[in-house]
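Q: Next input, structure requested:
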Amino acid sequence: MTAKVTRERLITFLLETPMFEKLEPSEISEIIHIVEVKHHQAGDIVFSEGDVGDAWYVLYRGAIDVLKHGATGEKKITGLGPQACFGEISILDGSPRSATIRVTEDSIVFRVPRQVFAGLIDDGHLVAYKLLHEMAILLAQRQRATTLRLSELLNATEIAEVHEGIMTIVGESSVRE
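A: Numbers count the residues shown, from 1 in each chain. Next up, the predicted model:
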């Protein structure tokens, strides 16, 4: 895949992506210099479960699967398409990856290195704080949804129902880590 991502395409795409949609174009212009454009072919691993959380990502084009290791091997938790952000929890805590990301079709991914983003925070860039705020909102929404689903599972009567509910919760949680 040799598609070139121009500065204008990058700005337009980010403005249309939920994590960035509340930013002004001038704020997007402030951060695009830290965004790395990565081309991946189907089958590539973006990162593996247990890797150092050194960046977060936005899928520009293509598709990826979120995979989790378990007792029976690797299992697909969910699939993601364009505009999906993933790995952003590493911006906050630098913890090891909780899942593996495998490219399922040729893709372009925007990578935001943790240390460079941390530099924006250290330098007091408002745009970095706005993005952290969006991450916090997403985490709060995810936590509320998880709590609701777990409380619903307390009333489940069939083990299959519990298993399905847990898989849904794990899938939604692993997407962002």
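
Q: Please identify the helix or strand for the closest residue to Ile34 other than its chain neighbours.
A: Spatially, and ignoring its direct neighbours in sequence, Ile34 is nearest to Val116 (4.6 Å; CB to CB, 6 or more residues apart in numbering). The way it works is simple: take the backbone N, C-alpha and C, and place the C-beta from them, glycine included. Per DSSP states H and E: Val116 is located in helix 114-122.

Q: need the next SSE after that helix, C-terminal direction.
A: helix 126-153.

Q: packing partners for that following helix?
A: helix 25-31, helix 89-93, helix 114-122, helix 159-174 (3 or more CB pairs under 8 Å, 6 or more residues apart in numbering; DSSP states H and E).

Q: Which one, of those helices, ends up nearest to Ala63?
A: Ala63 sits nearest to helix 159-174 of all those, at 15.4 Å, using CB to CB.

Q: Now do the same contact list for Leu14.
A: Phe20, Leu23, Ile28, Ile32, Val58, Phe110 (CB atoms under 8 Å, 6 or more residues apart in numbering).

Q: Looking at the chain, which residue reaches furthest from the middle?
A: Distance from the centre of the chain peaks at Thr157, with 33.5 Å (CA atoms, centre = their mean).
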